[in-house]
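Chemist: When you get a sec, could you give me coordinates for this:
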Amino acid sequence: MTTTQKSAERGFHPGKHRNRAGQFLLGLSLMLIAFNLRPLFASLSVLLPEVVRQTGLSASGAGYLTTLPVLCLGLFAPLAPRISRLVGPERTLLIVLVLLALGTALRGLGGMYGLFIGSAMAGAAIATGNVLLPSVVKRDFPKQAALMTGLYTMALCGGAASAAAFTLPIVHWFDNSWSAGLVVWAVPAAAVAFIWAPRAMSSQYGPGRAGGRPGGLGRDLLAWQVTFFMGLQSALAYCVMGWMAPILRDRGLDGVTAGIVVSVSIMTQVITCLLIPAVAVRCKDQRMINAGLALLAAAALVGMLFGPLSAVWIWAVLQGIGQGGLFAMAMTVIVLRSPDPHIAAQLSGMAQGFGYLLAAFGPLLVGVVYSATGGYAATGWLFALLGVGAAINGWGAGRAIHVKPGPPGRQPSP
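Modeler: Numbering: from 1, shown residues only. Below you'll find the model as predicted:
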């Protein structure tokens, strides 16, 4: 009897262990990629007053700047499934990381034009990464979809929280250079690109192997409810990442403290991102969870706007609980409402394409309202409406059924 046969009799299977190790490394890599998809937003948020002051950017210009990458999320998300079918998801994610690193660096090194061009470039990269992560999870972790969704959404929140907490201290370290505070977040994106490159380049996934193109989802009510749920909760999230620090500074907090408050809120999201999907998939459906989280996130955001500053930490934690769970559920329902990975990619592209176009109006309207009124008080109505809208659509998206595509597209080449 050979050594391999003896090992097999004892219950040791080398291929099985290698497969587990490969799955662990793949999951870890996806988390590292996800970590880099949010610092772009939070880093600018905490630096916005300095950027406005040192560049002469107007209040409306600041609104456009915070809105631009969110708008790009909507414009470029529908293209992600097509690119993935041509070159494969692994290589597409490598392109995402390279463009993200270049765009993030350009924001701090290219002056006023670089701020806008770099934000657009990085936003396009983030849009593509956002869409592909759910479909990769559906494909490679079919039995652990809820756990993996929680882990990578946790990593997304962790990236945002890190940028909110550390950007201003980094700026102070580099002699109050706001450009350094933006450029530094290109470093982790570039590092993960090097880590991911060997897997991407060795991938055998190509144009002839991408599978048939699923039919359209434009006539499916559930798909639209998932889309509006994603868009409205994202509008709330980007109001937090884009404007909560300026709002708190306007209320009297110093820049570092305001950044820490936002970071605490986002770090709380890390916990709920991990816990909520695991609980939700064990429920009969997710309607109550979706609606309750939406109302909590909006109510806590209004509390941070109007409540006493002494209670701002409590509101920050409550907002983090609501927003983190809300974002995790928006990503989870894409997986749960999809019958297979191809439709998951398409639903993800639709939800994040149309959804982020809708979400772009959130931070834009905050800037418009501030420019028109000279204050942030009126934005409370906006936050409340976004929360109610997310709750209504979250109720529909939480139904335990699958989306139903229309007639299928062209079958793959043999």
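
Chemist: what number of residues lie near Ser60?
Modeler: If you count neighbours by other C-beta atoms under 10 Å, Ser60 ends up with 14. For every residue, glycine as well, the C-beta is placed using N, CA and C.

Chemist: make that Gln269, sorry
Modeler: Using other C-beta under 10 Å, Gln269 has 31 neighbouring residues.

Chemist: Now do the residue nearest to it when sequence neighbours are not counted, the pLDDT please.
Modeler: Of all residues not flanking Gln269 in the chain, Gly324 sits nearest, at 2.7 Å (C-beta to C-beta, 6 or more residues apart in numbering). Gly324 is assigned a pLDDT of 87 by the prediction.

Chemist: doesn't Ile271 make contact with Gly324?
Modeler: Yes - between Gly324 and Ile271 there is a contact under C-beta atoms under 8 Å: 7.0 Å.

Chemist: And these two? Which one has more around it.
Modeler: Neighbour totals were compared for Gly324 and Ile271, and Gly324 leads with 29 against 16 (other C-beta under 10 Å).

Chemist: Can you tell me the element that one falls in?
Modeler: helix 312-336 (DSSP states H and E).

Chemist: for that helix, packing partners?
Modeler: Helix 312-336 sits against helix 111-140, helix 145-173, helix 221-239, helix 255-280, helix 287-306, helix 341-359, helix 379-397, with contacts defined as 3 or more C-beta pairs under 8 Å, 6 or more residues apart in numbering; DSSP states H and E.

Chemist: Please point out which parts of that helix sit buried.
Modeler: The neighbour-count check on helix 312-336 (16 or more other C-beta atoms under 10 Å) flags 312, 315-336 as buried.

Chemist: got the contact list for stretch 142-151?
Modeler: With C-beta atoms under 8 Å, 6 or more residues apart in numbering as the test, stretch 142-151 has contacts from 27, 30-31, 134, 137-138, 141, 273-278, 280-281, 328, 331-332, 335-336.

Chemist: Dump stretch 139-157 to CSV, keeping only the CA atoms.
Modeler: Taking Å, rounded to 0.1, in the frame of the first residue of the first chain, the C-alpha atoms of stretch 139-157 are listed here in CSV:
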residue,chain,number,x,y,z
ARG,A,139,-19.8,31.2,-8.4
ASP,A,140,-17.0,30.2,-6.0
PHE,A,141,-18.7,30.1,-2.6
PRO,A,142,-22.3,28.8,-3.4
LYS,A,143,-22.6,27.2,0.0
GLN,A,144,-21.1,30.1,2.0
ALA,A,145,-22.7,33.0,0.1
ALA,A,146,-24.1,34.7,3.1
LEU,A,147,-20.8,34.4,5.1
MET,A,148,-18.7,35.7,2.2
THR,A,149,-21.1,38.5,1.5
GLY,A,150,-20.8,39.5,5.1
LEU,A,151,-17.0,39.3,5.0
TYR,A,152,-16.4,41.4,1.9
THR,A,153,-19.0,44.0,2.9
MET,A,154,-17.2,44.1,6.3
ALA,A,155,-14.0,44.8,4.4
LEU,A,156,-15.7,47.5,2.4
CYS,A,157,-16.8,49.2,5.6
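
Chemist: Could you give me the buried positions within that stretch?
Modeler: Residues of stretch 139-157 classed as buried: 140-141, 145-157 (neighbour count, 16+ other C-beta under 10 Å).

Chemist: cool, stretch 155-171 as well?
Modeler: Across stretch 155-171, burial judged by 16+ other C-beta under 10 Å covers 155-168, 170-171.

Chemist: Please identify which of these is nearest to Asp220.
Modeler: Using C-beta to C-beta, Leu156 is the member of the buried residues of stretch 155-171 that lies nearest Asp220, at 26.5 Å.

Chemist: if we can go back for a sec, reformat the helices and strands packed on helix 312-336 into a markdown table and put distance to Ser43 next to each item.
Modeler: What follows is the helices and strands packed on helix 312-336, written out as a markdown table (distance: least, C-beta to C-beta, whole Å):
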| stretch | distance to Ser43 |
| --- | --- |
| helix 111-140 | 11 |
| helix 145-173 | 4 |
| helix 221-239 | 14 |
| helix 255-280 | 10 |
| helix 287-306 | 20 |
| helix 341-359 | 19 |
| helix 379-397 | 22 |
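
Chemist: got these as TSV, with mean pLDDT and distance to Trp185 columns?
Modeler: Shown next, in TSV, are the helices and strands packed on helix 312-336 (pLDDT from 0 to 100; distance: least, C-beta to C-beta, whole Å):
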stretch	mean pLDDT	distance to Trp185
helix 111-140	87	9
helix 145-173	83	6
helix 221-239	92	17
helix 255-280	83	14
helix 287-306	93	25
helix 341-359	82	20
helix 379-397	94	27
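
Chemist: Cool, thanks, signing off.
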